[in-house]
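Asks: this is a predicted model, with the sequence first.
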Amino acid sequence: MPGQVSEDVIEEVRKSNDIVDVIGEYVQLKKQGRNYFGLCPFHGEKTPSFSVTQEKQIFHCFGCGKGGNVLTFIMEMEQYTFYEALRFLADRSGVNLPVIDQRQKSSISQENQSILSASEWIAKLYHHLLRYTKDGKEGYQYFRDRGITDETIDVFQLGFAPNVKDFTAEFLQKKGFHQQILVKAGLLSLNDDNTITDKFRGRVMFPIRNHLGKIIAFGGRTISGQEPKYLNSPESELFQKGKILYNFDLAKKHIRKQSEAVLFEGYMDVISAYQAGVKNAVATLGTSLTETQARLLRRYVDTVIICYDADEAGTEAAYKAALLLQKAGCHVKIANLRDNMDPDDFITEYGAEAFHNQVIKSSMTFTSFYMRYLKKDYNLSLEGDRIQYIEKLLQYLARIESSVEREYYLKEVSDSYNVSMDSLLQEIQANREKMGLVKDKINRNRYTNKASDHNHYTKKLLPAFHNAERQLLAYMLQDASITDKVQEEIGAAFNIDEHKVIATHLYAFYEEHQQADVSQFVEMLSDNRLKQLVTDIAMMPVHENISNEEINDYIRMIRAENSNKEDIQSLKEEQRLAEQQNDPIKAAGIAMQIIELQKQWKNIN
């Protein structure tokens, strides 16, 4: 920015960070034609309406309207200031930035910056103690006994908090941190007698990182019978358990690469799985999966494998998590763990290869899992319970759209319970009719067309002159010579105020830059509403070789609207004068002329 970062450096940062690559780290993008589409990260949706164009280096959501370039995206996504977004992208691409005074420009409060810094120091201290000192030997031995290697300990920065009541407090005090803030962050504990002690003393430590890899909290596990067994940092502005997933920062690149995520219940399951080669592993943080976490996973992948403990509680939790993930639009599978085992135990007992092949790769479909899950409510040795079980199961199977998939599971029911396929198919059909799932062909086509149209740019029902202005601006955004022609012919005489402003900015932009660059043009706009409108217009489909005649048609339409407005305005002025002169007959005649002009113009448009 002026006086701090030159426009050339900003441009270098922007061009060094391809927008598809950057947004691809937050959203699963799929190429359709020349653009990429994905689920918008700024509002909840199941059908992709978020579009990214590599050619123009911009994004736009046709659902919520947000749009801009790569800097705009990072500012919106991370709630960063411009300077923080610039620094983030510069670090990502290795561009050197001049030192900027961040005190007045950071999106993070001084208190939270202090907590982040203290958390980083504590993680390094606990990790060092675990790996290299006698004080951490019992913690180190705990992990080694559980089969965790030094390399894995280092990757996850696992540590140990000594069983000394003021060890951490004194360390952080020497580093200049205020104890009041550290108590608030849950790094230290305030006792009833107002003394300060270490919260996690005597525990092995699991640093909890956000999606950017910053340590925002800790989990501590007892190794000496303390209660509770697990102790987490309290929730805060930085740490909200229901919004983040453990290990997501390390797993997300593997999740994107494999198009699959494996969801666990705890830290050790993730760490063991990661060490066993399952790198796309994440976990909830001691709570049930939330809608926010489910939507986060859906932005990255279509398929999620749930790998919870294979006991009654784990099965119940897996069922609830599966429903949430399905609601978010995920394809759900359930890992095939042996009864009453947890993932960590299985890896320890049978090894990494068996875990890959027998648990992860052999995952059940949700339907297969549900068929087993439902049995817990019935005594299948009783005829009445068997009938109720089958009826309940058929209600679920009726909701499956694919007739092939429905028949596959019906065959299993038929074979297992000696019920004819004809009876089962009739019952399914009756259930589908009852649920309103049987539609005629016309309705199905209407639904299909509606769904597919949602993914693409749909021309808005606007007056002809309005569409002409948008179309003309779309060509101006990609061609300086068209902009020169429009400037000469009509200048800023667009009919829509926002279009006038965009055109005026474009004239100034081309005077300085000569060549079209939508992403750079967006950067010079300070009004977010204008940025969104420009990216919306820039995403409109245009002809590669537009004829001069077509451009002239747009210009004529814009001029005609201007002229019509002027004629109507002139007649309204005459009408006002006639009313002032007490000539109602003349005023009424002029009113009829105005109505006729408006009708004519409405028919043309």
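Replies: The structure has been received and is ready for your questions. In this text, all values refer to a predicted model and were calculated from it rather than measured experimentally.
Asks: show me where the stretch 51-200 of the chain has its strands.
Replies: 58-61, 67-68, 159-161, 188-190, 196-198 (DSSP state E, counting those that start in this stretch).
Asks: in the sheet, which strands lie alongside the third one, parallel or antiparallel?
Replies: To tie it back to what came earlier, the one meant is strand 159-161. As defined by DSSP bridges, the strand partners of strand 159-161 come to strand 203-209 (antiparallel).
Asks: ok, now the shortest one?
Replies: For strand 67-68, the pairing partners within the sheet under DSSP bridges are strand 58-61 (antiparallel).
Asks: so what touches the partner strand?
Replies: Counting contacts by Cβ atoms under 8 Å, 6 or more residues apart in numbering, the residues outside strand 58-61 that touch it are 19, 23, 40, 42-43, 49-53, 66-69, 72-73, 518-519, 522, 532, 535-536, 538-539. C-beta: built from backbone N, CA, C; applies to glycine.
Asks: can we see that at 7 Å?
Replies: The contact list for strand 58-61 (Cβ atoms under 7 Å, 6 or more residues apart in numbering) reads 19, 23, 40, 42, 49-52, 67-69, 73, 518-519, 522, 535-536, 538-539.
Asks: from the middle of its chain, how far away would that strand be?
Replies: Here strand 58-61 is found 14 Å from its chain centre; the criterion is Cα atoms, centre = their mean, to the nearest Å.
Asks: what does stretch 60-73 give?
Replies: On Cα atoms, centre = their mean, the centre of stretch 60-73 falls 13 Å from that of its chain.
Asks: what's the span of that stretch, first residue to last?
Replies: Stretch 60-73 has an end-to-end distance of 10 Å (Cα to Cα, to the nearest Å).
Asks: ok, which stretches of the stretch 301-450 of the chain are helices?
Replies: If DSSP state H, counting those that start in this stretch is used as the criterion, the helices of the stretch 301-450 of the chain fall at 312-327, 343-350, 352-354, 366-374, 383-397, 403-417, 421-434, 441-453.
Asks: buried residues in the fourth one?
Replies: Under the neighbour-count criterion of 16 or more other Cβ atoms under 10 Å, helix 366-374 has 366-367, 369-371, 373 buried.
Asks: residue contacts, residue 7?
Replies: Neighbours of residue 7 in contact, by Cβ under 7 Å, 6+ apart: none.
Asks: where does the stretch 401-550 of the chain dip in pLDDT?
Replies: 439-460 (pLDDT under 70).
Asks: which residue, neighbours along the chain excluded, lies closest to residue 509?
Replies: residue 521 (5.2 Å; Cβ to Cβ, 6 or more residues apart in numbering).
Asks: need the contact list for the one you found.
Replies: 477, 506, 509, 534.
Asks: neighbour count, distance to residue 177 and secondary structure added to these, as CSV?
Replies: Listed next are the contacts of residue 521 as CSV, based on neighbours: other Cβ atoms under 10 Å; distance: Cβ to Cβ, whole Å; DSSP: H, G, I helix; E, B strand; the rest coil:
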residue, neighbour count, distance to residue 177, secondary structure
477, 26, 50, helix
506, 20, 51, helix
509, 20, 48, helix
534, 26, 45, helix
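Asks: can you name the two of these that are farthest apart?
Replies: By the measure Cβ to Cβ, 509 and 534 form the most distant pair in those, at 10.9 Å.
Asks: list the residues that contact residue 90.
Replies: Here residue 90 is in contact with 13, 97 (Cβ under 7 Å, 6+ apart).
Asks: state the pLDDT value of it.
Replies: Looking at residue 90, its pLDDT is 96.
Asks: against residue 73, how distant is it?
Replies: 15 Å (Cβ to Cβ, to the nearest Å).
Asks: try residue 18
Replies: Distance from residue 18 to residue 73, by Cβ to Cβ: 12 Å.
Asks: the two: who's more crowded?
Replies: Comparing residue 18 with residue 73 by other Cβ atoms under 10 Å, the one with more neighbours is residue 73, at 25 against 14.
Asks: show the pLDDT at that one.
Replies: 97.
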